[in-house]
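Visitor: Following is a predicted model, sequence given first.
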Amino acid sequence: MNTPENIKDILKLKPIGTDSWSRPVYEDQNGHLWKDITLGSNKPKLCSALNDAFDGEPDIPIRRPFTILSKKDRLMKTNVFNIKCWTDTDVIVTIILAMVTEIVMFFHQKMGENT
């Protein structure tokens, strides 16, 4: 029987927080919660959350292929109005340009006072 819970599709896990034991908690596309019992290592070991409770105990190890969505993946999916998603580099460049503009304006103002 092929139901959403037993087919071999890849689970897409969205980080939703950290439980009271410092375990990262993820939600899949079916609304089920998963916990990383390695506390966020580079090689997560995921278990279902008992009763799909955020602070529930880790229960059964995951037996399906999964991918953890990055912040960029989540931003792109929630970007329904097709607004540009800013990367860290975009933000840094924008801040630097704003600072340079302020510095240039400050010196232009000071130079005008000296003439």
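Guide: Received, thanks.
Visitor: any idea which helix or strand comes after the helix or strand of the chain with the lowest mean pLDDT?
Guide: Each helix and strand of the chain was given a mean pLDDT (mean pLDDT, DSSP states H and E); the minimum falls on helix 71-78 at a mean of 53. Counting by DSSP states H and E, the element after helix 71-78 in chain order, helix or strand, is helix 88-114.
Visitor: I'd like the average pLDDT over that following helix.
Guide: Computed over helix 88-114, the mean pLDDT rounds to 80.
Visitor: from now on call the first residue 68
Guide: Got it, the first residue is 68 from now on, which makes the last one we talked about helix 155-181.
Visitor: chain center to it: distance?
Guide: The gap between where helix 155-181 is centred and where its chain is centred comes out at 32 Å by CA atoms, centre = their mean, to the nearest Å.
Visitor: Ok, stretch 110-122 next?
Guide: Mean-position distance between stretch 110-122 and its chain equals 17 Å (CA atoms, centre = their mean).
Visitor: Span of it from start to end?
Guide: The first residue of stretch 110-122 is 22 Å away from its last residue (CA to CA, to the nearest Å).
Visitor: can you pull up the bridge partners for the nearest residue to residue 128 once chain neighbours are set aside?
Guide: Nearest non-adjacent residue to residue 128, counting by CB to CB, 6 or more residues apart in numbering: residue 114, 5.3 Å away. Where you see a C-beta, it was placed from the backbone N, CA and C, and this is true even at glycine. Beta-bridge pairing of residue 114 under DSSP bridges involves residue 102, residue 128.
Visitor: Walk me through the domains of this structure.
Guide: Under the assignment automatic domain parsing, the domains of the chain span 78-139, 151-181.
Visitor: Make a markdown table out of these and add mean neighbour count.
Guide: Below are these laid out as a markdown table (neighbours: other CB atoms under 10 Å):
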| stretch | mean neighbour count |
| --- | --- |
| domain 78-139 | 15 |
| domain 151-181 | 10 |
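Visitor: What is the end-to-end distance of stretch 114-131?
Guide: 11 Å.
Visitor: Please work out the average pLDDT along it.
Guide: 94.
Visitor: Tell me the gap between it and the middle of its chain.
Guide: Remark: stretch 114-131 is offset 20 Å from the chain centroid, using CA atoms, centre = their mean.
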